[in-house]
Every structure is written in C-alpha cells, then in structure tokens.
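A.B. asks: structure of the sequence below:
(one chain, ligands or ions: 1)
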Amino acid sequence: MPRTVEGQLTMEKTPSYFVTSEAPQRIHAMAKDTKLVVVVRDPVTRAISDYTQTLSKKPEIPTFEVLAFKNRTLGLIDASWSAIRIGIYALHLESWLQYFPLSQIHFVSGEQLISDPAGEMAKVQDFLGLRRVITQAYFHFNSTKGFPCLRRPEDGASAPRCLGKSKGRTHPKIDPEVIRRLRKFYKPFNVMFYQMTGQDFQWEQEDGEK
Ligand SMILES: Nc1ncnc2c1ncn2[C@@H]1O[C@H](COP(=O)(O)OS(=O)(=O)O)[C@@H](OP(=O)(O)O)[C@H]1O
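C.D. replies: Residues are numbered from 1 along each chain as shown. Alright, predicted model coming up:
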C-alpha cells in the first residue's frame, strides 16, 4: 500500500478479500481504522455471473445446473463450489466482524448501483467522509449496454466511459427449477445477512434471475 499523507485517502480494490478468511486479521493488523466497502448483489445472480465469467475463459466446463448440485435428485446444493460459496455473505461477514465494528463496513447494493448509481455513490462518499462530488451529472444510462456509464462533466462533450465487454455480459438461461432451489438455499443466509447488516437487500422479492 502506498503511504498516505495528511488529507489523502488511499483506496484499494480486491474483490476476493471479502471471502478470504485471513484478510480481516491482516488488514486489521495493518490499519485497524480502515474503512471497508463491500458491493453485494443477489447471490443467485452473482453465482450465474461468476459462472458466465469462467465459461468465457473455459467454454468446455459443465453446465451451471451440473456444477450447482452435489446430488441433483436429492436437490443437494454444492456449497463448496466457489460460485455458490462466495454468495453466503453472512458467513464471510462473520469473520470481518471479529475484527471490525459494523460501523466501519459499508455495503453497496449491486442492484441499486445499476438502477441508481448516483444515490449509491452518495452513500459511499458520505461513509468515506468525502464531499459529494460524484453526482447524477456523472452518470449516463447507455440503453445499448443496459448499464450506467461514467461521464466527467468537467470534460465537456467527451463521450461517457462504459465498463468493458467483460462487465454486463448476457447470462446463459438457467433451468428455473434450479434457480428456485438456489433461492431456497440462500434464503436463510440472506435473512441472517440482513439482520447482521441492518439492511434489507430484497433479494427474496421475485422469482427468477435478477
Ligand atoms: N455500470 C456498470 N456497467 C457494467 N456492469 C456493471 C455496472 N454496474 C454494475 N455492473 C455489474 O458488475 C458486474 C461485474 O462485476 P465483477 O464483480 O465481475 O467485477 S470485478 O470482478 O470485481 O472486477 C457485472 O456482472 P455481469 O452482468 O454478470 O457481467 C454487472 O452486472
């Protein structure tokens, strides 16, 4: 990590930290006042997104439906498969709460980051004690991509910058029965996560992928 001088904030982004059991202790030992920002999305959609990413690199892998189960006849989910395990957010958060108070952790809703990026970024800036610089003016919804893209009002007419092709890929169609089974699997963990964070992410609202 680079040294931070007075008046600076050092930021670092590593998605795997949240699910790495040694990370909370190590980060706490390095800087116990560190503020943590975690982006979470519906774990079922997250698992499919994770699978889609792997599939793009290894097209020969088995189907999502095959990988999701230890025993499909019995409906036994394979919670050791990383695409599924990562979405058990309550489990991972428990390790962080051994070292950091909840007040030092901010959770961003992945769904709202897409539907209301400025609102979600306002909360992040408040949490970090920053002025709200990134506002609505910084976002432009690109209907072709189906996601908000970033523009810099200070750059005048320059085109908004969308994330690359590997973000916002089309997901394969997954058997709705498998989705239902996965929703049932995650429900108790999601409820526990809402209780632990005091935030209801509303992942139980609809059936099907979000
Ligand atoms: N603005 C914008 N543009 C494009 N994509 C967006 C955006 N906001 C959120 N998302 C969602 O981010 C998902 C990819 O994030 P990742 O977690 O895979 O990224 S990373 O691994 O942390 O780099 C990606 O998941 P997939 O849709 O499965 O590709 C998107 O749904």
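A.B. asks: please count neighbours and contacts with C-alpha atoms only from this point.
C.D. replies: Will do.
A.B. asks: low-scoring pLDDT stretches of this structure, where are they?
C.D. replies: Where the chain drops to pLDDT under 70, the residues are 206-210.
A.B. asks: now the element after whichever helix or strand Leu55 is part of, going C-ward?
C.D. replies: When elements are assigned from DSSP states H and E, Leu55 belongs to helix 43-57. Downstream of helix 43-57, the first helix or strand assigned by DSSP H and E is helix 64-68.
A.B. asks: what's in contact with that next one?
C.D. replies: Defining contact as CA atoms under 8 Å, 6 or more residues apart in numbering, one finds that helix 64-68 is touched by 48, 51, 72, 77-79, 81, 84, 174-175, 178.
A.B. asks: hmm, back to that, near the ligand at all, the helix holding Leu55?
C.D. replies: Yes - among the residues of helix 43-57, Ser49 lie within reach of the ligand under CA under 6 Å from any ligand atom.
A.B. asks: can you give me the buried ones in that helix?
C.D. replies: 43-53, 55 (16 or more other CA atoms under 10 Å).
A.B. asks: repeat that for stretch 147-156.
C.D. replies: So, applying 16+ other CA under 10 Å, buried residues of stretch 147-156: 147-151.
A.B. asks: before we move on, the earlier item: out of the contacts of helix 64-68, which is nearest to the ligand?
C.D. replies: Ile48 (7.0 Å; CA to the nearest ligand atom).
A.B. asks: sec struct for Lys32, please.
C.D. replies: coil (DSSP: H, G, I helix; E, B strand; the rest coil).
A.B. asks: on that earlier part again, could you tell me how far the helix holding Leu55 lies from the centre of the chain?
C.D. replies: 12 Å (CA atoms, centre = their mean, to the nearest Å).
A.B. asks: quick one: contacts of that helix?
C.D. replies: Under the criterion CA under 8 Å, 6+ apart, residues 61, 64, 83-84, 86-88, 166, 169, 171-172, 179, 182-183, 186, 209-210 lie in contact with helix 43-57.
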